[in-house]
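Student: okay, here's the prediction I keep looking at, along with the sequence it came from:
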Amino acid sequence: MEKTVYMVMSTDVIHGGHISIIKKAEKLGRLIIGVLSDEAIAGYKRFPLIPFEERKILYENIEGVSEVVEQTTLSYKENILKLKPDYVVHGDNWINGYQEPIRQEVIEILKTYGGELIEFPYSNDPKYKAIDDRTRIELSLPDFRRSRLKRSLGCKSLITVMEAHSGITGLIVEKTMVEEKGGVKQFDAMWVSSLCDSTAKGKPDIELVDMTSRFRTIDDIMEVTTKPIIFDGDTGGLKEHFVYTVRTLERMGVSMVIIEDKIGLKKNSLFGTEVQQTQDSIKNFCEKIKAGKNAQKSDDFMICARIESLILEAGMEDALKRAAAYVKAGADAIMIHSRKTDPDEIFEFVEKFRSKDSNTPIVVVPTSFNQVTEEEFKKRGVNIVIYANQLTRAGFPAMQNVAKTILKNHRAKEVDDNCISIKEIITLIPEDY
Ligand code: SPV
Ligand code: MG
């Protein structure tokens, strides 16, 4: 009987290197390609340029490929147990690094029924690296970057977002990865927070930093990263101004703007009722949402309505009433905010909102209720979790401490261990961008 061969592929740009390994694999027997789902790829590598269905068609039409199946996790377990291939084929580049546990699992499963792992030498040809680099540039182009958030929401049940307020913090969000369960975890998107953008400029979070300056921050981040951006639009300002903001953000390639239902002098929500803050009327805020939705040109830009009822102690009923009205006015997502350390009111809102609306994405910012895990939010029906200020809050005390230590010691030697090495900075910021 003809042997069967299983090989997993994720790439959306097929080059000679891929064709060469397909040719070698096909010589071993009937070749089945496992195509990684969008969610599985987005979690560990760059976001796929081409969606799963299209990539599947691409592979189905390569000579030598007999069958194409979907692989929904980085782990091969489910598909190997189902297909029981005689051979699993892979490049030898996964022997070390984050794929090592996945490889180990493959070897162990194959052992249970006498299957074999065949590894071919991985090609380090610079021309293939150049193709990959070009793809990265495409990912950062405005149209593609903007559409990524909506696409990610379509394939991932929970999106994690980290605050960025400069090129360097953008790079940290772009590049930070941790190995986890045989895969890699990284943030899906960036939050350009009004609090952190203002703080970086030494200013209060009261809509004092003007839009031109806020756009400049976005530009700094965009110049060096590719991940989608969610912009904190504060109150959105006057309706007549908001439409311009929407157009500009859209043109720049921002994926979503979140505006909060407050008017007048805006203060940071975490002050709650300790300061004077006024909630907008439902009618007025709905008009702002409608104006924004009418102004946008693409269909992938998203406007998220942020409800401040719990922050301003206007009650759960008010929050739910507003949520329904904002969705009806065209909001693409709802953000519910709370400054309580106990997550109960957030959970109650999510449950009640979800009982009436199973589709509209829900956004939360767990700064005060930070004990809740992403898994718990996901289980309850939340779609986007924003870590809104942690990089800023981590960076400034560290800098203050270093400044004080130098003052005390009249030299810089004592702070060396608290500083990133110049070599690490160079790694984080490549010169050949
Ligand atoms: C921000 O990050 O600026 C926010 C979230 O708006 S919060 O600070 O919690 O209001
Ligand atoms: Mg803000």
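Tutor: Ah, there it is. Ligands and ions are numbered 1, 2, ... in the order given.

Student: rest of the way, CA atoms for contacts and neighbours
Tutor: Will do.

Student: alongside ligand 1, which residues does the stretch 151-300 of the chain contribute?
Tutor: Proximity of the stretch 151-300 of the chain to ligand 1 (Cα under 6 Å from any ligand atom) is limited to residues S193, S194, L195, N268, S269, L270.

Student: how near is the closest residue to the fourth one other than its chain neighbours to G237?
Tutor: When the adjacent residues along the chain are set aside, N268 lies closest to D205, with 6.0 Å between them (Cα to Cα, 6 or more residues apart in numbering). Distance of D205 to G237, computed by Cα to Cα, to the nearest Å: 14 Å.

Student: same thing with Q279?
Tutor: Here Q279 is placed at a distance of 13 Å from G237 (Cα to Cα).

Student: return the set of buried residues in stretch 339-348.
Tutor: Buried residues in stretch 339-348, defined by neighbour count with 16 or more other Cα atoms under 10 Å: R339, K340, P343, E345, I346, F347.

Student: nearest to ligand 1 among the residues you listed?
Tutor: R339 (7.6 Å; Cα to the nearest ligand atom).

Student: show me where the stretch 151-300 of the chain has its helices.
Tutor: 167-175, 194-200, 211-224, 239-252, 282-295 (DSSP state H, counting those that start in this stretch).

Student: would you mind giving those as a markdown table with mean neighbour count added?
Tutor: Output for the helices of the stretch 151-300 of the chain, formatted as a markdown table (neighbours: other Cα atoms under 10 Å):
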| stretch | mean neighbour count |
| --- | --- |
| helix 167-175 | 20 |
| helix 194-200 | 21 |
| helix 211-224 | 17 |
| helix 239-252 | 18 |
| helix 282-295 | 19 |
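
Student: show the subsequent helix or strand relative to the host helix or strand of A323.
Tutor: Element membership for A323, per DSSP states H and E: helix 316-329. Beyond helix 316-329 on the C-terminal side, the first helix or strand identified by DSSP H and E is strand 333-336.

Student: which residues touch the helix or strand following that following strand?
Tutor: Using DSSP H and E, the next helix or strand after strand 333-336 towards the C-terminus is helix 344-356. Contacts with helix 344-356, where a contact means Cα atoms under 8 Å, 6 or more residues apart in numbering, come from L310, M316, A319, L320, A323, I336, H337, S338, I362, R380, G381, V382.

Student: stretch 407-418 too?
Tutor: Stretch 407-418 is contacted by residues A398, V402, T405, I406 when judged by Cα under 8 Å, 6+ apart.

Student: may I have it as PDB, with CA atoms only?
Tutor: Once non-C-alpha atoms are left out, stretch 407-418 reads as follows in PDB (Å, rounded to 0.1, in the frame of the first residue of the first chain):
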ATOM      1  CA  LEU A 407      22.500  61.600  41.900                       C
ATOM      2  CA  LYS A 408      23.300  59.800  45.100                       C
ATOM      3  CA  ASN A 409      26.500  58.100  43.800                       C
ATOM      4  CA  HIS A 410      27.900  60.900  41.600                       C
ATOM      5  CA  ARG A 411      28.400  58.400  38.800                       C
ATOM      6  CA  ALA A 412      26.500  55.800  36.700                       C
ATOM      7  CA  LYS A 413      28.200  52.600  37.600                       C
ATOM      8  CA  GLU A 414      25.500  51.600  40.200                       C
ATOM      9  CA  VAL A 415      22.700  51.700  37.700                       C
ATOM     10  CA  ASP A 416      24.300  49.400  35.100                       C
ATOM     11  CA  ASP A 417      22.300  46.400  36.200                       C
ATOM     12  CA  ASN A 418      19.000  48.300  35.900                       C
END
